[in-house]
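>>> this one's sequence-less:
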């Protein structure tokens with residue numbers, strides 16, 4: 001646990017956060033958002049396996065199993081499940097919100113698999129990243145984000161949203177000229193539907209972090225909703241346990257890659273959660289949506305998705321992505337000032353009053369501090385780690401490299417950059433908050 005000084009206690013428990021602490025957390029939120037974009041972008045790469053004949057619902061189910069393993073083992077390693085339990089005893093109402101968010105995520109993730117199948121990574125990513133616009137709307141309406149922000153920050157955020165929307169329209173139009181009309185209609189609908197669901201999912205996120213919840217605790221219960229919803233979807237679309245088991249046997253050489261995709265997604269999502277916690281939905285989500293650029297890089301450079309496109313179509317795809325990236329940058333670097341942050345603090349106090357939360361738990365959580373001492377890992381933590389390790393080892397022994405045209409040098413370079421960003425962001429989180 002990061003040490004608490006007498007000044008820290010006074011500032012976080014009784015009044016506004018210290019200016020230097022506020023700046024540290026805002027820089028940390030931006031860094032986490034950038035790292036989230038890299039890892040969320042890389043997680044969708046194995047979804048290209050849908051072209052190998054696998055059902056998109058099956059692909060999503062196995063990814064969610066990987067997500068389930070990651071959402072319990074990473075918090076167990078970083079903090080221990082005892083602290084997760086202690087957090088939810090402080091705010092038990094958030095269990096329901098976490099499960100609800102997980103259900104929304106599972107449906108949205110399944111829609112992205114259909115979108116990638118029909119449109120490819122390069123086009124699908126920017127379309128579902130319209131979730132940032134939805135997230136901004138909910139952040140403003142429900143949580144006091146951008147209140148007292150001033151005209152310059154309002155202009156940056158609203159102008160960035162317009163750029164994102166226009167860039168997405170360009171990409172949708174160019175995709176219609178390169179893909180069959182039936183496929184593009186399905187793909188665009190799936191991608192935009194995923195964006196709406198993911199944008200709405202950020203309401204539980206923000207409620208949790210205004211209540212002082214630790215992101216690593218929230219994601220643990222989040223995955224119960226994910227796995228439950230995917231089980232229902234799989235039973236409906238695949239045809240029951242027998243059909244599901246048969247497809248798993250036929251695809252056993254691919255299971256490792258899909259589990260790994262879910263695990264990689266968890267890493268990106270945890271960084272995204274910290275970004276939302278420290279710079280809000282209206283900035284954290286657009287910044288983590290830089291995954292669209294990673295999707296474009298992976299799709300175009302590693303998989304060669306844009307080969308054969310005409311010059312005009314290629315230029316339009318690049319232009320649309322640049323517009324969306326510009327919008328993301330405008331939103332993300334419009335950093336919240338002191339007056340706006342005070343509105344966040346008031347929203348947090350209202351959440352605490354509504355649910356009868358401990359004031360110290362809420363205040364310390366906002367400041368990235370633990371309200372209770374760290375506790376030792378238990379046998380249950382190591383059981384979780386052992387089960388996850390066994391799952392990856394057993395599927396890894398049966399794995400084969402997918403029969404896809406892939407530029408391995410480019411893939412290695414992109415993966416290397418992601419690992420560097422992970423090390424920087426994780427190290428900064430530990431130094432500043434001890435993962436609180």
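All right, it came through fine. What you see is a predicted model; the values in this text were computed from it and never measured.
>>> Residue 25 contacts residue 280, doesn't it?
No. In this structure, residue 25 is not within contact of residue 280 by C-beta atoms under 8 Å, at 11.1 Å. The way it works is simple: take the backbone N, C-alpha and C, and place the C-beta from them, glycine included.
>>> Looking at these two, which one has more neighbours?
For residue 25 versus residue 280, neighbours defined as other C-beta atoms under 10 Å are more numerous around residue 280 (28 against 21).
>>> so what's the nearest residue to the more buried one once chain neighbours are set aside up against?
Of all residues beyond its chain neighbours, the one nearest residue 280 is residue 145 (4.8 Å), with distances taken as C-beta to C-beta, 6 or more residues apart in numbering. With contacts defined as C-beta atoms under 8 Å, 6 or more residues apart in numbering, residue 145 is in contact with 136, 139, 280, 281, 282, 336, 340, 343, 344.
>>> ditto for residue 424
Going by C-beta under 8 Å, 6+ apart, residue 424 touches 31, 35.
>>> Just the buried residues of the strand or helix carrying it, please?
Assigning secondary structure by DSSP states H and E places residue 424 in helix 408-433. Buried residues in helix 408-433, counted by 16 or more other C-beta atoms under 10 Å: 410, 411, 414, 418, 421, 422, 425, 426, 428, 429, 432, 433.
>>> Could you double-check that the third one sits in contact with residue 297?
So the one you mean is residue 414. Yes. Using C-beta under 8 Å as the test, residue 414 is close enough to residue 297 to be in contact (6.1 Å).
>>> In terms of helices and strands, where is residue 142?
With DSSP H and E as the criterion, the answer for residue 142 is helix 131-143.
>>> quick revisit: CSV for the buried residues of helix 408-433, including pLDDT and distance to residue 307?
As requested, those are arranged in CSV below (pLDDT from 0 to 100; distance: C-beta to C-beta, whole Å):
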residue, pLDDT, distance to residue 307
410, 88, 13
411, 86, 16
414, 91, 18
418, 92, 24
421, 94, 28
422, 95, 30
425, 94, 33
426, 93, 36
428, 93, 38
429, 92, 39
432, 89, 44
433, 88, 44
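>>> Show me which of the residues you listed is closest to residue 290.
Ranking the buried residues of helix 408-433 by separation from residue 290, with C-beta to C-beta as the measure, puts residue 421 on top at 10.7 Å.
>>> Backbone dihedrals for the spatially closest residue to residue 279 that is not a sequence neighbour, please?
Distances taken as C-beta to C-beta, 6+ apart place residue 29 nearest to residue 279, at 3.4 Å, with adjacent residues excluded. For residue 29, the backbone dihedrals (degrees, to the nearest 10) come out as phi -60, psi -40.
>>> Tell me the pLDDT of residue 29.
The score at residue 29 is 88. That number is its pLDDT.
>>> Count the residues that sit near it.
Using other C-beta under 10 Å, residue 29 has 25 other residues around it.
>>> what's the distance between it and residue 388?
For residue 29, the distance to residue 388 (C-beta to C-beta, to the nearest Å) stands at 28 Å.
>>> Please determine how far the most centrally placed residue in the chain is located from residue 130.
Centroid check for the chain by C-alpha atoms, centre = their mean gives residue 269 as the closest residue, at 3.2 Å. Plainly put, residue 269 is 18 Å away from residue 130 if you go by C-beta to C-beta.
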